[in-house]
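Student: need a 3D model of the sequence below.
(one chain, ligands or ions: 2)
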Amino acid sequence: MTETKTTHVAAGILIRPDGQFLLGSRPEGKPYAGWWEFPGGKLEAGETPLQALVRELHEEMGVTVSMAQPWLVQTFTYPHAHVRLNFFKVTDWQGEPHPHEGQAFAWQVPGALTVDPVLPANTPILRGLQLPAVLPFSNVAELGEAAWLRQLDLALAQGLRWLVLREPQLPAAAYAGLAAEVQARLQPYGARLLVHGQPQRAHDLGAAGVHLPARVLMETTERPEGWCGASVHNATELARAAELGLDYAVLGAIQPTQSHPGSATLGWDGFAALAGQGWPFPVYGIGGLKQADLAAAQAAGAQGVALLRAAWQGLS
Ligand SMILES: Nc1nc2c([nH]c(=O)n2[C@H]2C[C@H](O)[C@@H](COP(=O)(O)OP(=O)(O)OP(=O)(O)O)O2)c(=O)[nH]1
Ligand SMILES: [Mg+2]
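Tutor: Ligands and ions are numbered 1, 2, ... in the order given. Okay, here's the model as predicted:
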C-alpha cells in the first residue's frame, strides 16, 4: 500500500482597503508554472502555518506581514501532491510586493478576475472572497410583504447585494410570486437571490442559488448548481456542507432568538470551537444578532453575521 503524504501549505490573501486582493503567477520550473495563486509556500519542519506564511511572503516578495487572520482551509489532490492549504487574510503589511522569483502580480476585484487560469484548488477561495460580511434573511412573516419590500428597496440603495428569501409560512405559489417581485428589485443592482429550501426551487425560480435548511442539507447528496449555502448547528452538519463543496454555512444559534427562545445556544465560544476546525468555506453566525455584533463575530473567526429581524431595522 502506498502512503498518501500531505504537503502543508500556507498562502496569504493580501487585501487592500479598496477590497482588491493580490494574485501572483507561479514561477517557471515549478508544477503549474504560469498559473495564478496566492503568494505562499510549503511549511518547513516545525513551522506553524502562520510562521510559514510570514517567511514565504518575505522570501517571495519582500512583504512583512503585520496582520493576518486564518481563513479557509482547503485540501486538494494534484498529480504531484496531496496538499492542505491554510489560507490567511492579510489586511496589513509593510513593503510593496516585489517579484523575487520572477513572478507577475495582479490586484484583482472579487468576482471579476482579469487573469487566468488560477490553481484549481483555489476555486472555493475565490468564491468565498465574493461573499458579504452581513448576510440578510427576509422577514415578510413579521413585517408583511409591502412593508418588507419597502425596507428591501432602502437596503439595496444602501448596498445590500445578497439576500436569502426565507418565508416558510408562504405556500409555494405565493413564494414564487414574492420571489419574482424580489428578483425585479435585485436585478438593477446585480444583487443575488438565494432561495430557501430545495435546490429544485432555486432552479425553477431562476435564482442565483439556494440556501439549504439543515434537514435538506443532510438529505442532499450532490452539490446543487449555482451558489449554495446551508444552515448548520453542529460538526456533523458542517462536515456534510464541506463534503458537498458548499459556498458558506450559517451556524447558530449564537444567542436566544424571539422565534426559538428556549433553544440551546452556542455563544461565540461555542461558535469559535466549531467554526475554527478548518473549513473550506466561510461560516456566518446567526441567532439573535445585530449589525453591532459583527466585530465579535469576526473575532470568533466568522465571515460575519446572518441577520433576520435586525437586517430591516434602522433603514431610512
Ligand atoms: N502558494 C500557493 N500554493 C498553492 C495555492 N493553491 C494551491 O493549490 N497551491 C499548491 C501548489 C503547490 O502544490 C503547493 C505550494 O507549493 P509551492 O510550490 O508554492 O511551494 P514553495 O513556495 O514552498 O516552493 P518551493 O520551495 O517548493 O520551490 O500548494 C495558492 O494559492 N498558493
Ligand atoms: Mg510558493
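Student: what's near enough to touch Gly267?
Tutor: Gly267 is in contact with 254-255, counting by Cβ atoms under 8 Å, 6 or more residues apart in numbering. C-beta: built from backbone N, CA, C; applies to glycine.
Student: distance check, it against Gly287.
Tutor: Distance, Gly267 to Gly287, by Cβ to Cβ, to the nearest Å: 10 Å.
Student: common neighbours of the two, please.
Tutor: Here Gly267 and Gly287 share the contacting residues 254-255, scored by Cβ under 8 Å, 6+ apart.
Student: the helices in the stretch 51-200 of the chain, which residues?
Tutor: 123-128, 140-143, 145-157, 172-186, 199-204 (DSSP state H, counting those that start in this stretch).
Student: dump these to CSV, plus mean pLDDT and distance to ligand 1.
Tutor: Below are those laid out as CSV (pLDDT from 0 to 100; distance: least, Cβ to the nearest ligand atom, whole Å):
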stretch, mean pLDDT, distance to ligand 1
helix 123-128, 97, 7
helix 140-143, 97, 41
helix 145-157, 98, 34
helix 172-186, 98, 32
helix 199-204, 97, 28
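Student: turn those into JSON lines, columns for mean neighbour count.
Tutor: Formatted as JSON lines, the helices of the stretch 51-200 of the chain follow (neighbours: other Cβ atoms under 10 Å):
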{"stretch": "helix 123-128", "mean neighbour count": "19"}
{"stretch": "helix 140-143", "mean neighbour count": "17"}
{"stretch": "helix 145-157", "mean neighbour count": "15"}
{"stretch": "helix 172-186", "mean neighbour count": "15"}
{"stretch": "helix 199-204", "mean neighbour count": "17"}
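Student: got TSV for those helices, with distance to Asp18 too?
Tutor: Below are these laid out as TSV (distance: least, Cβ to Cβ, whole Å):
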stretch	distance to Asp18
helix 123-128	18
helix 140-143	34
helix 145-157	21
helix 172-186	24
helix 199-204	32
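Student: and the end-to-end length of stretch 18-35?
Tutor: Length of stretch 18-35, first residue to last, Cα to Cα, to the nearest Å: 25 Å.
Student: so Ala311 is in contact with Pro132, correct?
Tutor: No - with contact defined as Cβ atoms under 8 Å, Ala311 does not reach Pro132; the gap is 11.2 Å.
Student: which of the two has more neighbours?
Tutor: Ala311 (25 against 16; other Cβ atoms under 10 Å).
Student: burial of the residue of the stretch 1-150 of the chain found nearest ligand 1, as a residue count?
Tutor: Closest residue of the stretch 1-150 of the chain to ligand 1, Cβ to the nearest ligand atom: Gly41 (2.4 Å). Counted with other Cβ under 10 Å, the neighbours of Gly41 add up to 19.
Student: and stretch 157-175, what's buried?
Tutor: 160, 162-167, 170, 175 (16 or more other Cβ atoms under 10 Å).
Student: please produce TSV containing these, extended by distance to Ala299.
Tutor: Shown next, in TSV, are those (distance: Cβ to Cβ, whole Å):
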residue	distance to Ala299
Leu160	24
Trp162	22
Leu163	26
Val164	24
Leu165	30
Arg166	27
Glu167	32
Leu170	36
Tyr175	36
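Student: say whether ligand 1 is contacted by stretch 266-281.
Tutor: No - for a cut-off given as Cβ under 6 Å from any ligand atom, stretch 266-281 has no contacts with ligand 1; the smallest distance is 12.0 Å.
Student: what's the offset of that stretch from the middle of its chain?
Tutor: The chain centre lies 14 Å from the centre of stretch 266-281; the measure is Cα atoms, centre = their mean, to the nearest Å.
Student: would you mark the buried spots in it?
Tutor: Neighbour-count burial for stretch 266-281 flags 266, 268, 270-272, 274-275, 279-281 (criterion: 16+ other Cβ under 10 Å).
Student: among the residues you listed, which one lies nearest to Thr77?
Tutor: Pro280 (13.7 Å; Cβ to Cβ).
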